[in-house]
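> Just to be clear, the model below is a prediction. Sequence and coordinates:
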Amino acid sequence: MKLALFEPDIPQNTGAMMRLCACLNVPMDIIEPCGFILSDKNLRRVGMDYLDHLTLTRHLNWEAFKTATTRNRLVLLSTKSKASFLNFSFSANDILITGRESAGVPNYVRQQCEADIRIPMITGVRSLNIAHAATIVLSEALRQTNGFPKT
């Protein structure tokens, strides 16, 4: 299981997801370009010393990411999806992908993902914070695949 961030915009959200992955021992991929410099002090402030426990792979662009992840199922988290994550069967080799906070993902990314899922929400609201959404879906994926760290 991995979490991949497609061209993230907000360093605080990225830092929160880095901390999430570090605590749960889930590798993270960042697909650049980012909307900020990855050494941003806000990212460090949010991630704190947890980032020392993170397995992070940076990719220059979507094509480089795709080349490096040919044996994984790509699962897009999207408010545009019709399928609920509650009815989805996760696999241990899935890569959960979040889009840009400002724009989601372009169609070429959506088309190359094997699945796209959403979190059910009430009518009239736009979306959850991306770090919260990643936490909700990643937790269910780890539960289904018995992937939580052993304590």
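Good, I have the coordinates. Predicted, not measured: the structure shown is a model, and the values here were computed from it. Residues are numbered from 1 along each chain as shown.
> In this structure, where is pLDDT below threshold?
Across the chain, the ranges flagged by pLDDT under 70 are 40-44, 46-47.
> which residues in this structure form helices?
11-24, 41-47, 62-68, 107-112, 130-144 (DSSP state H).
> wait, which of these is closest to residue 56?
helix 11-24 (7.1 Å; CB to CB). Bear in mind the C-beta positions are built from the backbone N, C-alpha and C, glycine included.
> Show me what that closest one is packed up against.
strand 2-6, strand 28-31, helix 41-47, helix 130-144 (3 or more CB pairs under 8 Å, 6 or more residues apart in numbering; DSSP states H and E).
> Show me what counts as buried in the last one.
To tie it back to what came earlier, the one meant is helix 130-144. If you call a residue buried by 16 or more other CB atoms under 10 Å, then helix 130-144 has these buried ones: 130, 131, 133, 134, 135, 137, 138, 140, 141, 142.
> Can you give me the neighbour number for the nearest residue to residue 64 once chain neighbours are set aside?
Nearest non-adjacent residue to residue 64, counting by CB to CB, 6 or more residues apart in numbering: residue 31, 8.0 Å away. The local packing of residue 31 (other CB atoms under 10 Å) involves 26 other residues.
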